[in-house]
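Colleague: Got a predicted structure plus its sequence, pasted below:
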Amino acid sequence: MTAIAAERPHAVRLDPSPLSQTAPRPTPILVEDMLNWQATDDNGHSRYLNLKFRLHGRLDGPLRIVLGGVSASRQVQCWWRAHYGEGQLLDPDAALILSMDWLDHPTGIRTSDQADALARVLDHLDLASVDDLVGASYGAMVGLVFAQRHGHRLRRLIAISGAHFSRPAVQALRLIQRAIIQMGQELGEPERGVRWARALALTSYRPSDLFDQRFADPDPHQALRRLDEYLAHQGRTYGSNVSAVRYRCLSKSIDAHCVQPELIRCPVELIGVDSDTLVPLRQLRDLRDRLSGRARLHTISSPYGHDAFLKEDNQLRKIFSRLLETESGLDKPHG
């Protein structure tokens with residue numbers, strides 16, 4: 001792929017707080033920029049891709065890349081604020097944090113495209129190696145692809161609720177979601193299709209027991225009314241921000257995802273959830289056993305299923321703390 005716009009980003013220095021003058025720290029930098037380049041799709045057709053990214057923190061700190069689910073963005077301080085700030089995994093006064101928006105395109109985007117785009121950003125920023133890549137859900141899938149394709153520059157991957165392939169049972173669910181979106185487009189109501197496709201997706205992110213507990217009511221009509229209000233609200237919120245094209249693109253990207261664990265040599269810390277039906281622990285155990293490098297599986301106990309990485313802040317914080325305590329013993333990226 002040939003870059004068509006690759007000016008070096010301008011580092012914006014943030015003014016330190018007056019309260020911190022008694023204990024000065026290196027001033028964090030903030031870079032918000034976009035890369036544009038020309039690439040070829042699976043059919044050999046040329047296309048232009050645009051990628052927005054955010055770099056924030058100490059230039060002399062460990063580089064931590066953070067990638068979230070399909071709803072996440074480069075603004076990690078917004079969607080994962082529980083782990084952003086002083087003393088947290090994502091402390092801009094102690095680390096250099098890189099995050100990005102997901103690519104999408106009408107012709108389709110693979111998880112390998114996302115991983116290669118991330119490598120392109122690193123090259124653009126003159127960042128040779130990565131200390132930690134922390135990915136959750138779709139971000140974990142992209143992280144695994146990055147470890148396979150660019151593992152020589154990765155010191156450690158922390159993959160939360162993401163595996164090496166998408167199971168057929170889950171692919172079937174996403175096929176139905178995309179059919180709903182298609183019908184919405186054919187009816188001239190694409191946003192409505194996205195709303196209800198998203199609503200259907202929510203029923204798989206969290207276990208059925210959680211729905212039973214939250215919406216239980218002696219009157220079935222009241223239960224249905226509350227469910228309808230909840231799903232409609234969630235769908236509207238998502239549909240107002242995500243286009244039908246983007247939703248279908250990322251959905252297909254998940255279904256086509258495939259990694260060869262045997263080709264991943266860097267250390268990998270897997271984090272799974274005992275109630276996750278999208279990425280069950282048995283799939284993560286298989287992934288752990290097939291990885292070529294050092295691999296461990298940490299388990300979170302939660303009623304929130306696949307959404308646990310957004311809910312179980314304390315359990316995740318404990319795991320992150322243990323991993324940070326042992327990071328000095330990790331090998332440097334191998335060449």
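Modeller: Yes, it's here.

Colleague: Just the buried positions in the helix or strand hosting Q38, please.
Modeller: Using DSSP states H and E, Q38 maps to strand 29-40. By neighbour count with 16 or more other Cβ atoms under 10 Å, strand 29-40 contains the buried residues 29, 33, 35, 37, 39. Backbone N, C-alpha and C define where each C-beta goes, glycine included.

Colleague: Just the mean pLDDT for the helix or strand harbouring N314, thanks.
Modeller: Secondary structure assignment for N314, by DSSP H and E: helix 313-325. Helix 313-325 shows a mean pLDDT of 94.

Colleague: again with stretch 181-199
Modeller: Per-residue scores along stretch 181-199 average to 95.

Colleague: so what are the domain limits for the protein?
Modeller: Residue ranges for each domain of the chain read 2-8+27-165+260-329, 168-254, as given by automatic domain parsing.

Colleague: deepest of the ones you listed, which one?
Modeller: domain 2-8+27-165+260-329 (a mean of 19; mean count of other Cβ atoms under 10 Å).

Colleague: roughly how far is it from the heart of the chain?
Modeller: 6 Å (Cα atoms, centre = their mean, to the nearest Å).

Colleague: swap in stretch 169-178?
Modeller: For stretch 169-178, the distance to the chain centre is 20 Å (Cα atoms, centre = their mean).

Colleague: List of residues touching the helix holding N314?
Modeller: Residues from elsewhere that reach helix 313-325 (Cβ atoms under 8 Å, 6 or more residues apart in numbering): 82-83, 88-89, 156, 158, 160, 269, 271, 298, 300-302, 308-309.

Colleague: can you do 7 Å?
Modeller: Helix 313-325 has contacts (Cβ atoms under 7 Å, 6 or more residues apart in numbering) with 82-83, 89, 158, 269, 271, 298, 300, 309.

Colleague: Same question for stretch 283-295.
Modeller: Against stretch 283-295 from outside (Cβ under 7 Å, 6+ apart): 163-164, 167, 261-262, 264-268, 270, 272, 297.

Colleague: Quick check, pLDDT for R288.
Modeller: On pLDDT, R288 comes in at 98.

Colleague: hang on, it in a helix?
Modeller: Yes - with DSSP: H, G, I helix; E, B strand; the rest coil as the criterion, R288 is located in a helix.

Colleague: Could you save the contacts of helix 313-325 as TSV and add columns showing secondary structure, pLDDT and distance to L324?
Modeller: Below are those laid out as TSV (DSSP: H, G, I helix; E, B strand; the rest coil; pLDDT from 0 to 100; distance: Cβ to Cβ, whole Å):
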residue	secondary structure	pLDDT	distance to L324
A82	helix	95	16
H83	helix	96	12
L89	coil	94	7
I158	strand	98	10
E269	strand	98	11
I271	strand	98	14
H298	strand	98	14
I300	strand	97	17
F309	helix	96	17
